[in-house]
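> here is a sequence together with a model predicted from it:
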Amino acid sequence: MKQRTSISLTVAAVVAAIMSSNVFAYETQWLDKKVDEKEGQSSFKADGTIFAGYERPDHEKNGVIDQNGTTGTNQGFVVPRAYLNFRGDVNEGPWKGAGFRVTVDGGNLANSAIGASNSTTSTGNSSQVAELKFAYFTLPLYSASFGEGSFRLGLQHVAIVDGQAGYSNEGYWKHRFIDQNAIEKSGFAGSSADRGISFIHKADYFGLQLQLVNGEGFRKNNAQSLYSAQSAALLASTAPVLATTGPNGQPALFVATTGLTAAQQTQARTNLRNLVNGTGDSYGYDFYALPSFHPTGKDKDIDISIGFPVRIKNITNIKRQEYQFVTANLPVSPTALAQFDYYNGDARAKQDRYLGQEIAGAFDLGVAKVTVGGGHAVLKDKRSSAVRVDNNMIQTGTSGLSNDFTTYYQRDTDAKGQTNWGYIHVKVSQFGVLARHIYGTGSTGSTTALPSKSYATQLYELDVQDGTIGNGNATLGSSRGTSPTIDLGKARFKRETYAVTWSPFSRLVLAVGVETLKSKNANGEKTRVNGLESIPTFTSGTSVADNVNSIIAANGGTPIVANDLNGKPKEARQVFLRAVYDF
């Protein structure tokens with residue numbers, strides 16, 4: 001009888017706890033003697049956020065379901081992610097302002113938004129996996145009339161995505177459950193969180209955050225994929241490659257004295273191109289800065305901020321092994337020749353720069369609350385030259401160069417890209433309307449740098465790549481076709497988001513809306529799709545459209561492709577119901 005009474009009391013206590021508001025977030029305060037014996041007042045809070053919704057299976061104009069095809073994960077009922085947050089702060093005493101945050105992020109790692117994927121390795125397809133999103137601590141540095149300064153170390157917010165110095169792009173956007181904010185969506189930030197160190201200065205009219213991070217984002221360690229990516233590239237070609245590894249984990253590529261096979265030529269060109277573009281991970285550290293100004297100060301009804309986001313990739317600590325390496329094979333017979341392969345690039349190719357300007361304002365008009373924002377950002381993609389030397393060149397001299405020039409040398413000039421965006425959200429009572437437009441260079445929905453080389457320069461380099469002029473390398477199809485080799489620099493994308501929001505109470509927001517993505521290719525023509533792409537062939541991963549393109553390409557480099565026959569303008573569209581619940 002006593003046991004039943006005890007159980008009844010326990011159940012009643014649990015029900016009472018659920019019915020109380022404290023179930024939505026736990027918070028407590030105490031005298032923390034580990035901080036200060038007399039004045040160390042600390043607080044601890046646990047809360048979380050759930051993202052959930054429904055994504056309608058939308059059809060492309062070629063009949064394919066969703067932009068990801070039949071294997072896409074953007075349809076049906078979804079739970080993209082859920083956060084569990086644990087925060088602690090010192091509120092009184094000599095260390096007032098110190099604190100920590102740990103956030104566990106559980107989500108569908110294969111989930112993707114229109115035109116871009118948000119994925120990582122995980123067990124199974126579309127599996128729900130928990131990972132660490134934030135884990136950092138903050139220490140105060142000073143508190144004076146001109147503001148407060150602090151130091152932060154650990155896995156933390158990337159400054160230009162969610163600034164911590166008073167101004168935050170994310171803080172005005174406030175609709176991450178619908179989509180990322182514009183500067184992150186456009187690809188200017190490596191990730192929303194990264195491992196690193198920050199200096200944060202806060203004041204009423206000015207804020208500044210300076211940050212040094214790994215650059216690979218919160219899902220990867222520093223330089224995690226550097227050597228594995230090099231190895232995969234260098235060892236991908238056929239014999240006579242020997243799959244062995246050199247010093248410091250470098251890949252080893254040993255070529256025969258008779259020259260490179262066609263597959264090896266293609267691979268060598270790719271390797272040089274990666275060095276020219278600065279592709280891949282690095283030991284270097286990315287630098288972020290976000291100076292911001294708040295002309296309205298502490299005004300609650302009119303809140304205006306101006307920010308200047310900056311990112312410099314790999315500003316320091318690039319290692320020579322990233323862009324210069326050599327492998328060799330000593331002969332086992334005295335009569336055999338030594339084989340080696342040497343690559344040399346330039347560190348500057350890994351130091352791309354991003355500069356932006358953005359303005360945002362929140363206005364409380366009494367009957368309505370209005371938030372508006374907009375910005376412009378520029379990408380400077382640094383390029384370099386790269387050379388390759390192997391035993392063939394030394395043994396055959398210039399005759400080795402004349403056969404496949406671009407397998408030994410490539411160069412490029414710096415490329416530039418940009419994006420512009422604007423958004424507005426108007427809320428009256430519980431309901432609101434949202435609209436956002438993003439325009440940028442590139443055709444994928446994420447900002448891409450466009451080539452600065454002229455058409456004539458690209459045509460010439462394409463023609464002489466094998467050391468012979470006018471032998472058919474440059475054709476009418478060089479700037480068109482399924483894989484054009486000349487980029488006219490006219491690729492553009494337009495991303496639009498419209499939604500109606502409803503917030504019955506402050507913890508919950510639901511949105512019904514649509515996202516669209518339209519683009520133009522490198523020629524300035526609208527990206528197109530055709531019905532033949534929805535008809536699979538017996539070959540895995542191909543369609544009838546691929547077969548048609550292969551047939552066309554085999555006939556004299558014609559610029560015609562399957563989309564010219566029955567193509568329609570491509571428009572990736574997603575109709576959605578998305579919600580966020582804070583607890």
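Structure's in. What do you need?
> quickly list what Glu27 is bridged to.
Glu27 forms beta bridges with Lys45, as assigned by DSSP bridges.
> which residues touch Arg176?
The contact partners of Arg176, by Cβ atoms under 8 Å, 6 or more residues apart in numbering, come to Glu170, Val580. From N, CA and C alone the C-beta is placed, and that goes for glycine too.
> and the gap between the nearest residue to Lys33 once chain neighbours are set aside and Tyr439?
Ranked by Cβ to Cβ, 6 or more residues apart in numbering and with sequence neighbours excluded, the top spatial neighbour of Lys33 is Gly40, at 6.3 Å. Look at Gly40 and Tyr439: by Cβ to Cβ, to the nearest Å, they are 52 Å apart.
> ok, the residue nearest to Lys33 - contacts?
Contact analysis of Gly40 by Cβ under 8 Å, 6+ apart lists Leu31, Asp32, Lys33, Lys34, Val90, Glu92, Gly93, Trp95.
> next, count neighbours for the last one.
Under the neighbour criterion other Cβ atoms under 10 Å, Trp95 is assigned a count of 17.
> give me the element it is part of.
Using DSSP states H and E, Trp95 sits in no helix or strand.
> can you pick the most crowded of the contacts of Gly40?
Taking other Cβ under 10 Å as the neighbour criterion, Val90 ranks highest of those with 23 neighbours.
> surely that residue and Lys96 touch.
Yes: using Cβ atoms under 8 Å, Val90 is in contact with Lys96, at 5.7 Å.
> hang on, Trp502 is in a strand, isn't it?
Yes: assessed with DSSP: H, G, I helix; E, B strand; the rest coil, Trp502 lies in a strand.
> ok, the nearest residue to it once chain neighbours are set aside - contacts?
Counting by Cβ to Cβ, 6+ apart, the nearest residue to Trp502 once its immediate chain neighbours are dropped is Leu510, at 5.0 Å. Counting by Cβ under 8 Å, 6+ apart, Leu510 makes contact with Thr501, Trp502, Ser503, Leu577, Arg578, Ala579.
> same check, this time on Gln430
By Cβ under 8 Å, 6+ apart, Gln430 lies in contact with Trp502, Ser503, Pro504.
> now the helices: where do they sit in the stretch 151-300 of the chain?
Along the stretch 151-300 of the chain, the segments classed as helices by DSSP state H, counting those that start in this stretch run 169-173, 182-185, 226-234, 262-277.
> by contact count, what packs against the first one?
By that I understand helix 169-173. Packing partners of helix 169-173 (3 or more Cβ pairs under 8 Å, 6 or more residues apart in numbering; DSSP states H and E): helix 182-185, strand 353-364, strand 369-381.
> same thing but at 7 Å, please
Under the contact criterion of 3 or more Cβ pairs under 7 Å, 6 or more residues apart in numbering; DSSP states H and E, helix 169-173 touches strand 353-364, strand 369-381.
> figure out which of the ones you listed is closest to Ser150.
Of all the helices and strands packed on helix 169-173, strand 353-364 sits nearest to Ser150, with 23.2 Å by Cβ to Cβ.
> for that closest one, what is the distance to the chain centroid?
From the chain centre to the centre of strand 353-364 is a distance of 20 Å (Cα atoms, centre = their mean, to the nearest Å).
> equivalent analysis for stretch 491-506, please.
Its chain's average C-alpha position is 20 Å from that of stretch 491-506, according to Cα atoms, centre = their mean.
> for the strand ranked longest in the chain, which outside residues touch it?
Across the chain, the longest stretch assigned as strand under DSSP state E is strand 128-144. The set of residues external to strand 128-144 that reach it, using Cβ atoms under 7 Å, 6 or more residues apart in numbering, is 83, 95-109, 122, 148-156, 193, 218-219.
> now do the SS call for the closest residue to Pro94 other than its chain neighbours.
Of all residues not flanking Pro94 in the chain, Asp36 sits nearest, at 6.1 Å (Cβ to Cβ, 6+ apart). What three-state DSSP gives for Asp36 is coil.
> give me phi/psi at Asp36?
The phi/psi pair for Asp36 (degrees, to the nearest 10) reads phi -160, psi 140.
> and it, how far from Ser43?
14 Å.
> same deal with Glu525?
Taking Cβ to Cβ, one finds Glu525 at 59 Å from Ser43.
> over to Glu55?
Going from Glu55 to Ser43 by Cβ to Cβ gives 39 Å.
> now Thr419: which helix or strand?
When elements are assigned from DSSP H and E, Thr419 belongs to strand 415-428.
> of all the residues in that strand, which ones are buried?
Within strand 415-428, the residues scored as buried using 16 or more other Cβ atoms under 10 Å are Ala415, Gly417, Gln418, Thr419, Trp421, Gly422, Tyr423, His425, Val426, Lys427.
> average model confidence for that strand?
Strand 415-428 shows an average pLDDT of 97 in the prediction.
> ok, then the element right after it?
Per DSSP H and E, the first helix or strand lying C-terminal to strand 415-428 is strand 431-441.
> helices or strands up against that following strand?
Identification of packing neighbours for strand 431-441 by 3+ Cβ pairs under 7 Å, 6+ apart yields strand 415-428, strand 492-505.
> please redo it, this time with the cut-off set to 8 Å
Here strand 431-441 touches helix 182-185, strand 415-428, strand 492-505, going by 3+ Cβ pairs under 8 Å, 6+ apart.
> hang on, isn't Ser305 packed against Gly163?
No: Ser305 lies out of contact with Gly163 (Cβ under 8 Å); the separation is 9.4 Å.
> of those two, give the one with the bigger neighbour count.
Taking other Cβ under 10 Å, Ser305 and Gly163 do not tie; Gly163 has more neighbours (27 against 23).
> where does the stretch 101-250 of the chain have low pLDDT?
Scanning the stretch 101-250 of the chain with the threshold set as pLDDT under 70 gives 108-127, 227-250.
> can you report how many residues lie near Tyr167?
By other Cβ under 10 Å, the residues close to Tyr167 number 24.
> for it, which non-adjacent residue is spatially closest?
Counting by Cβ to Cβ, 6+ apart, the residue nearest Tyr167 is Ser292, at 3.5 Å.
> residue contacts, that neighbour?
Ser292 makes contact with Gly163, Ala165, Gly166, Tyr167, Phe206, Gly207, Leu208, Ser305, Ile306, Gly307, Phe308 under the criterion Cβ under 8 Å, 6+ apart.
> so what's the third one up against?
I take that to be Gly166. By Cβ under 8 Å, 6+ apart, the contact list for Gly166 reads Lys202, Ala203, Gly207, Ser292, His294, Ser305.
> now the strands for the stretch 401-550 of the chain?
Assigned by DSSP state E, counting those that start in this stretch, the stretch 401-550 of the chain shows strands spanning 409-411, 415-428, 431-441, 492-505, 508-520, 528-529.
> if you could redo that for the stretch 1-150 of the chain, that was the one I meant.
Here the stretch 1-150 of the chain has its strands, by DSSP E, counting those that start in this stretch, at 26-31, 41-55, 76-90, 99-108, 112-113, 116-117, 128-144, 147-157.
> who does the third one touch, helix- and strand-wise?
If I follow you right, that is strand 76-90. Checking 3+ Cβ pairs under 8 Å, 6+ apart, strand 76-90 ends up next to strand 41-55, strand 99-108, strand 128-144.
> would you confirm that Gly88 contacts Phe100?
Yes: using Cβ under 8 Å, Gly88 is in contact with Phe100, at 5.0 Å.
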